[in-house]
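[1] Sequence first, predicted model second:
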Amino acid sequence: MTSRSTTNGMAGRGRPAEGIFGWLRAMDPILLLTSLALTAFGMLAVYVSGATPEESYGLAFNQGLGFVAGLIGAVPLAIYDYRKLQKYLPWVYGAAVFMLLAVTITGDSAGGAQRWIDIGPVQVQPSEFAKLLVVIALAGYFAENPPSETKTFLKSLGFLGVPAALVFAQPDLGTALVFGAVFFTVSFIGGAKLYQLGLLAASGLVAFALAVKFQFLEEYQIARLTAFMDPTGSTDVGYQVLQSKDAIGSGGLTGKGLDATTLAKLGFLPEDHTDFIFSSLAERIGFVGGALLLVLFFVLIWRILHVATVSKDRFGVLIAVGVATIFLFHVFVNVGMTMGMMPVTGIPLPFISYGRSSLVVSVISLGLLQGIAMRSKAEGYKG
């Protein structure tokens, strides 16, 4: 009988030592602590955004439920060997398309978009789950089929086009752009040629220009673009942006305090617990607190990319790159729009904006990344 050596709590090939302590030692501690810090930040931000104590408790409680639900999905996904997912890629992709079709047919409408479905007493946003599923499917496809080959590249565009078209029809332009960003980074790291990506980018810009010219966009989307160009010329969306910038500026260096009377409390900043939660929080905790939050996001994304660099297989590398792209795109667009540097979208700030679907998927994504990190350590990496 042969024996297997163990190193730093590892046992066997590609598998951490048995027992909870073996799994904990194998996890990426920086990734874990950063995600917990961001979750705590988000719980605080959601709580103080409530107009009344009852609303504050309700928002924080629901957000806490989202975190628990995310953990329930993240823990088994971290333990499960993610490489086995490659056998089920058609099912992963099919699940993403099915959920988006379901919301298109039976979803609830709010704010001019049909993005939610009711599952019993719980309202779910399928597009949030579809983002992760598309990353997994695309990573698995490119892991076995180099995108540098024109046939593979075009076929992958067809795969992406279906979920992108479904979210665009909701309409949810923000999520469609997330899909586009994921495709660019994952295909680039996977080996796509620059001219392929250049042609795709040019085609996307032309398509967007035509959509604006021939009014394929919804009225509220046109209003958001108009407000981005001239916030003072819009009475609705532009007002939100101006109030958001005022809130951030009035926070000063250290903020007004968590229980202060803020623009959001006075009703001047709409969507202060969702789209504009960064503005609401920055007014309370100031430049220092806002900068600390952005540093936490920087550390999170850096550590996710670290997982990509130590992964022992292309599938793990591309999953990590795709997840990093989602987080980076969300942070850049959400924070940028609160400062008037990006058009207003419905893209949430990960871990911070109120929304159980977004939080559940964020936590599950990090569980998947921990699985990649643990197996990288088990196969020889000790960092």
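    Alright, I've got the coordinates.

[2] Helices of the stretch 101-250 of the chain, start to end?
    For the stretch 101-250 of the chain, the helices defined by DSSP state H, counting those that start in this stretch occupy 126-144, 150-168, 173-190, 194-213, 219-229, 237-250.

[3] Extract the residue ranges of this protein that are flagged as low pLDDT.
    1-24, 107-114, 214-216, 218-220, 233-235, 378-383 (pLDDT under 70).

[4] Could you pull out the strands in it for me?
    For the chain, the strands defined by DSSP state E cover 6-7, 10-11, 108-110, 113-119, 122-124.

[5] returning to what we had before: can you redo the helices of the stretch 101-250 of the chain as JSON lines with mean neighbour count?
    The C-beta positions use only the backbone N, C-alpha and C, and glycine is treated the same way. As requested, the helices of the stretch 101-250 of the chain are exported to JSON lines (neighbours: other Cβ atoms under 10 Å):
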{"stretch": "helix 126-144", "mean neighbour count": "24"}
{"stretch": "helix 150-168", "mean neighbour count": "17"}
{"stretch": "helix 173-190", "mean neighbour count": "22"}
{"stretch": "helix 194-213", "mean neighbour count": "12"}
{"stretch": "helix 219-229", "mean neighbour count": "17"}
{"stretch": "helix 237-250", "mean neighbour count": "20"}
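
[6] what would these look like in TSV with distance to residue 119?
    Listed next are the helices of the stretch 101-250 of the chain as TSV, based on distance: least, Cβ to Cβ, whole Å:
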stretch	distance to residue 119
helix 126-144	10
helix 150-168	19
helix 173-190	19
helix 194-213	32
helix 219-229	27
helix 237-250	31
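
[7] Nearest to residue 47, out of those?
    The closest of the helices of the stretch 101-250 of the chain to residue 47 is helix 237-250. By Cβ to Cβ, the value is 17.4 Å.

[8] tell me what the longest helix along the chain is packed against?
    Scanning the chain for the helix with the most residues, using DSSP state H, yields helix 277-310. With contacts taken as 3 or more Cβ pairs under 8 Å, 6 or more residues apart in numbering; DSSP states H and E, helix 277-310 sits against helix 29-48, helix 237-250, helix 314-338, helix 356-378.

[9] Now do the second one and helix 314-338, the angle between them.
    Right, the one you point to is helix 237-250. Taking axes from the mean of the first three to the mean of the last three Cα atoms, to 10 degrees, one finds that helix 237-250 is oriented at 90 degrees with respect to helix 314-338.

[10] Alpha carbons of helix 237-250, as PDB, please.
    Extracted as PDB, the C-alpha positions of helix 237-250 are listed here (Å, rounded to 0.1, in the frame of the first residue of the first chain):
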ATOM      1  CA  VAL A 237     -31.800  61.500 -13.600                       C
ATOM      2  CA  GLY A 238     -29.600  64.600 -13.700                       C
ATOM      3  CA  TYR A 239     -31.100  65.600 -10.300                       C
ATOM      4  CA  GLN A 240     -30.000  62.300  -8.800                       C
ATOM      5  CA  VAL A 241     -26.500  62.800 -10.100                       C
ATOM      6  CA  LEU A 242     -26.200  66.300  -8.800                       C
ATOM      7  CA  GLN A 243     -27.600  65.300  -5.400                       C
ATOM      8  CA  SER A 244     -25.200  62.400  -5.300                       C
ATOM      9  CA  LYS A 245     -22.200  64.600  -5.900                       C
ATOM     10  CA  ASP A 246     -23.400  67.100  -3.300                       C
ATOM     11  CA  ALA A 247     -23.800  64.200  -0.800                       C
ATOM     12  CA  ILE A 248     -20.200  63.000  -1.400                       C
ATOM     13  CA  GLY A 249     -18.800  66.500  -1.200                       C
ATOM     14  CA  SER A 250     -20.700  67.400   2.000                       C
END
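
[11] From one end of stretch 208-217 to the other, what's the distance?
    9 Å (Cα to Cα, to the nearest Å).

[12] ok now it, how far from the chain's centre?
    Here the centre of stretch 208-217 is set off from its chain's centre by 26 Å, with Cα atoms, centre = their mean, to the nearest Å.

[13] List of residues touching it?
    Stretch 208-217 has contacts (Cβ atoms under 8 Å, 6 or more residues apart in numbering) with 171, 173, 222, 225.

[14] doesn't residue 343 make contact with the last one?
    Going back to what we said before, that points to residue 225. Yes: at 5.6 Å, residue 225 and residue 343 qualify as touching, with contact defined as Cβ atoms under 8 Å.

[15] Give me the number of neighbouring residues for residue 305.
    16 (other Cβ atoms under 10 Å).

[16] okay, how far is it across stretch 255-264, tip to tip?
    Start-to-end, stretch 255-264 (Cα to Cα) is 14 Å.

[17] Of all the helices of the stretch 101-250 of the chain, which one is nearest residue 331?
    Each of the helices of the stretch 101-250 of the chain has some distance to residue 331 by Cβ to Cβ; the shortest is helix 173-190, at 11.9 Å.

[18] Next one: the nearest residue to residue 129 once chain neighbours are set aside from residue 69, what distance?
    Spatial nearest neighbour of residue 129, chain neighbours left out: residue 361 (5.7 Å); criterion: Cβ to Cβ, 6 or more residues apart in numbering. Separation of residue 361 from residue 69 (Cβ to Cβ, to the nearest Å): 10 Å.

[19] higher neighbour count, the two?
    Neighbour totals were compared for residue 361 and residue 69, and residue 361 leads with 25 against 17 (other Cβ under 10 Å).

[20] Distance of that one relative to residue 206?
    According to Cβ to Cβ, residue 361 and residue 206 sit 32 Å apart.

[21] next one: residue 177
    According to Cβ to Cβ, residue 177 stands 16 Å off from residue 206.

[22] And residue 100, by the same measure?
    Residue 100 is 25 Å from residue 206, by Cβ to Cβ.

[23] next one: residue 303
    For residue 303, the distance to residue 206 - Cβ to Cβ - is 37 Å.

[24] cool, and residue 54?
    Distance of residue 54 to residue 206, computed by Cβ to Cβ: 51 Å.
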